[in-house]
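Asks: Below is the structure, and that's it, no one-letter string:
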């Protein structure tokens, strides 16, 4: 996939992350599921709506349709990732042949005007395309809905090295004294954990390698750092915008949040990284119109005018834009899915040690972020925040 498109999608992810809720709220979102739909809208838009969509996309509107098709085709080649697009139009709605001919391959359907009937059909599509991870299409339907444009994304990956699962209670922080579902493992690869420095201080990043071409990075910021600052620093680090330093080169002590590094007496000269984290299951519902400016949809929601002459000769305005998303991190692997829909309406004593060895210990025992990243392109497929771990 093109570097310019990857950068544009990652920039939208960063801006969305900066708006992440504060406080005790878990969230998961995927700009990779929204960006292609906005690009397809931009391809058929006109007037001020076209300008706003291009600004949100980060590329010219005239290039948006082609970029969306290329991105979706590239995502379809990512092992473990399923993607799909769908278009449903009300019977009798004239659609511009040039625009529909440029759409990526996907489902085509007709809206009957009966909200219950249409909802069942759209829900079935969402469930089928995500393997049951997302059961409902996140769109507001009524008898006046003229068009629905949707994307589905489902990621399933297994760890190269699974975790050992257990039960524990953090000693400090907001999870102190609570039984949580813990995950543990060790590796000799110290640089699986790295530290970067963002506007709100240091962030610690742990790379958990998937068996295919996608990895998950856990991101722990300073206790006082905001969710948005921690996630945006993490995104900058994993996309190589922000410099990072691996644990093998970090000084002894506590060079990053949740991280301790030092030289200890051991039975082996090999370095060792001990990892302690928690399992999580995060689900989110997003109304994109709550941040319409972020997605270039402010003008497009004005029902006093039509904004998509390249889609239909009948005036259209956006009345619904939503995303349903989930992420699960467990001992064997990771799952993430999202369905995004735009509607237009009118996780015994040993012998004496003989060696001195480098050792690092990283603990994710308080709220942290996560990023699912395509290893080759550095495209961020999903991002989120864990405020509540799974109970045993």
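Replies: Cool, got the structure. Nothing here was measured: the structure is a model prediction, and the numbers come from that model.

Asks: From now on I want contacts and neighbour counts done on CA atoms only, so please keep to that.
Replies: OK.

Asks: Now stretch 51-63: average pLDDT?
Replies: Averaging pLDDT along stretch 51-63 gives 96.

Asks: no, scratch that, I was asking about stretch 359-367
Replies: Across stretch 359-367, pLDDT averages out at 94.

Asks: got the end-to-end distance for that stretch?
Replies: End-to-end distance for stretch 359-367, by Cα to Cα, to the nearest Å: 24 Å.

Asks: Ok, stretch 284-293 next?
Replies: This stretch, stretch 284-293, spans 20 Å end to end (Cα to Cα).

Asks: Now for residue 3, how many residues are close by?
Replies: Residues near residue 3, counting by other Cα atoms under 10 Å, number 11.

Asks: moving C-terminal of the lowest-mean-pLDDT helix or strand in the chain, what's the next helix or strand?
Replies: When each helix and strand of the chain is scored by mean pLDDT, DSSP states H and E, strand 259-266 comes last, with a mean of 83. Moving toward the C-terminus from strand 259-266, the next helix or strand (DSSP states H and E) is strand 272-278.

Asks: hey, what's residue 180 bridged with?
Replies: For residue 180, the beta-bridge partners are residue 168 (DSSP bridges).

Asks: cool, and the one 4 residues further on?
Replies: Bridge pairing for residue 184 (DSSP bridges) gives the partners residue 164, residue 276.

Asks: So what are the sheet partners of the least confident helix or strand of the chain and their directions?
Replies: Strand pairing for strand 259-266, using DSSP bridges, gives strand 253-256 (antiparallel), strand 355-363 (antiparallel).

Asks: Quick one: closest of those strands to residue 29.
Replies: Closest to residue 29 of those is strand 355-363 (Cα to Cα; 24.1 Å).

Asks: how much does the closest one deviate in direction from strand 272-278?
Replies: Counting by axes from the mean of the first three to the mean of the last three Cα atoms, to 10 degrees, strand 355-363 lies at 20 degrees to strand 272-278.

Asks: same for the helix or strand following strand 355-363, what does it pack against?
Replies: Heading C-terminal from strand 355-363, the first helix or strand you meet, by DSSP H and E, is strand 368-374. If you count contacts as 3 or more Cα pairs under 8 Å, 6 or more residues apart in numbering; DSSP states H and E, strand 368-374 packs onto strand 214-221, helix 227-238, strand 380-386.

Asks: Of all the strands paired with strand 259-266, which one comes closest to residue 182?
Replies: Closest to residue 182 of the strands paired with strand 259-266, according to Cα to Cα: strand 355-363, at 10.4 Å.

Asks: quick revisit: tell me which of the strands paired with strand 259-266 sits most buried.
Replies: Mean neighbours per residue, mean count of other Cα atoms under 10 Å, is largest over the strands paired with strand 259-266 for strand 355-363, with a mean of 20.

Asks: quick one on the thing from earlier: out of the strands paired with strand 259-266, nearest to residue 116?
Replies: The nearest among the strands paired with strand 259-266, by Cα to Cα, is strand 355-363 at 47.6 Å.

Asks: what about that closest one, distance to the chain center?
Replies: Distance of strand 355-363 from its chain centroid, counting by Cα atoms, centre = their mean, to the nearest Å, is 31 Å.

Asks: Tell me what angle that strand forms with strand 214-221.
Replies: Orientation of strand 355-363 against strand 214-221 (the same axes, to 10 degrees) gives an angle of 80 degrees.

Asks: Run through who's touching strand 355-363.
Replies: Contacts to strand 355-363, defined as Cα atoms under 8 Å, 6 or more residues apart in numbering, come from residues 190, 193, 247-248, 258-277.

Asks: next one: stretch 108-125
Replies: With contacts defined as Cα under 8 Å, 6+ apart, stretch 108-125 is touched by 86-91, 135-137, 141-147.

Asks: right, and the pair among the residues you listed with maximum separation?
Replies: Longest span within those, Cα to Cα: 91 and 135, 25.3 Å.

Asks: Looking at these two, which has the bigger crowd around it?
Replies: The residue with more neighbours, out of residue 91 and residue 135, is residue 135; 18 against 13, by other Cα under 10 Å.

Asks: Pretty sure that one sits against residue 126.
Replies: Yes - if you go by Cα atoms under 8 Å, residue 135 and residue 126 touch, sitting 6.1 Å apart.
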